[in-house]
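K.L.:
What follows is a predicted structure for the sequence shown.
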Amino acid sequence: MKLAVAKWTLGPLLLAQGRRVRRETPVLPEPPGPREGEAGEGPRLRLLVVGDSAGAGVGAATQDEAVTGRIVAGLRDRFRVEYRLIARTGASTASTIRHLERIEAFATDAVVTSLGVNDVTGDVGVARFLELQDRLHELLRAKFGARLILATSIPPMERFPALPQPLRWYLGARARELDRALAAALPDGRGAEYLALAGELDAAHMAADGFHPGPAVYAAWGAAAAARISAARPGR
């Protein structure tokens, strides 16, 4: 109710601030580097990372410094990792589902998702967000054979330096609302789990645009994902 009242009373200001942020925030590119490949030796483990601009590594200099590269680095000493990255700037849960439905199927063992920020900015409600997340997880299991799905938490948007007040407060509250619902819905008993975002998210640890993770955050995030995957050993 509090957020609904805030949206109604502050709506014009929030809309104006959102437009200004999109207009004035530097647009950082998705980093260069391979989005699929193989690394390491040992039992085969097929890794898929899907999601938005953070999943694509915006804020890192290369894919090696981004989340996919950091996960692979944490797994390559124990597994022969076959990895693939399907992520793009602006992706939401709904648009990711549509994209995965269109592409040709391939086999994967472990999936790490990076979604939620664009659902927050797109004003997706809690019930709809959980419905979409469940559809995504079922698609990853049915079409791609995923045994383990790690749904990364939605970052605390109230800490994003690029956002002015009260937009920062409002989007932060919306992010917490969706994130708490996601955490409460997982694990789902079918291989999907909640992965808390590791690392500090303040100005010193974020990218130059004040909106994306910096290398230290990607390193902590990748290490946490790799540790969970190693413990689960979802490979065939």
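P.N.:
That came through fine. Numbers count the residues shown, from 1 in each chain.

K.L.:
In the protein, where is pLDDT below threshold?
P.N.:
1-2, 4-8, 198-203, 235-236 (pLDDT under 70).

K.L.:
ranges for the strands of it?
P.N.:
Using DSSP state E, the strands of the chain run over residues 36-39, 44-51, 80-87, 110-114, 148-152, 192-195.

K.L.:
which outside residues touch the third one?
P.N.:
Counting by C-beta atoms under 8 Å, 6 or more residues apart in numbering, the neighbours of strand 80-87 from elsewhere in the structure are 35-57, 63, 68, 71-72, 75, 99-100, 103, 106, 108, 114. Yep, even glycine has a C-beta here, placed from its N, CA and C like the rest.

K.L.:
For His99, grab the count of nearby residues.
P.N.:
Burial of His99 is recorded as 14 neighbouring residues (other C-beta atoms under 10 Å).

K.L.:
distance of the nearest residue to it once chain neighbours are set aside from Ala16?
P.N.:
In this structure, His99 finds its nearest non-sequential neighbour in Ile86, 7.2 Å apart by C-beta to C-beta, 6 or more residues apart in numbering. Applying C-beta to C-beta, to the nearest Å, the value for Ile86 to Ala16 is 34 Å.

K.L.:
Next: Ala175.
P.N.:
20 Å.

K.L.:
Could you do Ser230 as well?
P.N.:
In terms of C-beta to C-beta, Ser230 sits 47 Å off from Ala16.

K.L.:
returning to what we had before: out of the strands of the chain, flag the one nearest Leu167.
P.N.:
With respect to Leu167, and counting by C-beta to C-beta, the nearest of the strands of the chain is strand 110-114 at 22.0 Å.

K.L.:
can you list contacts of the closest one?
P.N.:
45-52, 54-55, 67, 71, 87, 96, 136, 140, 144, 146-152, 195, 225, 229, 232, 234-235.

K.L.:
ok, now stretch 115-123?
P.N.:
18, 50-52, 54-55, 90-96, 129, 132-133, 136, 151-155, 157, 171, 174-175, 178-179, 182.

K.L.:
Same check on stretch 220-230?
P.N.:
Here stretch 220-230 makes contact (C-beta under 8 Å, 6+ apart) with 45, 47, 67-71, 73-75, 78-79, 110, 112, 148, 150, 152, 193, 195-199, 213.
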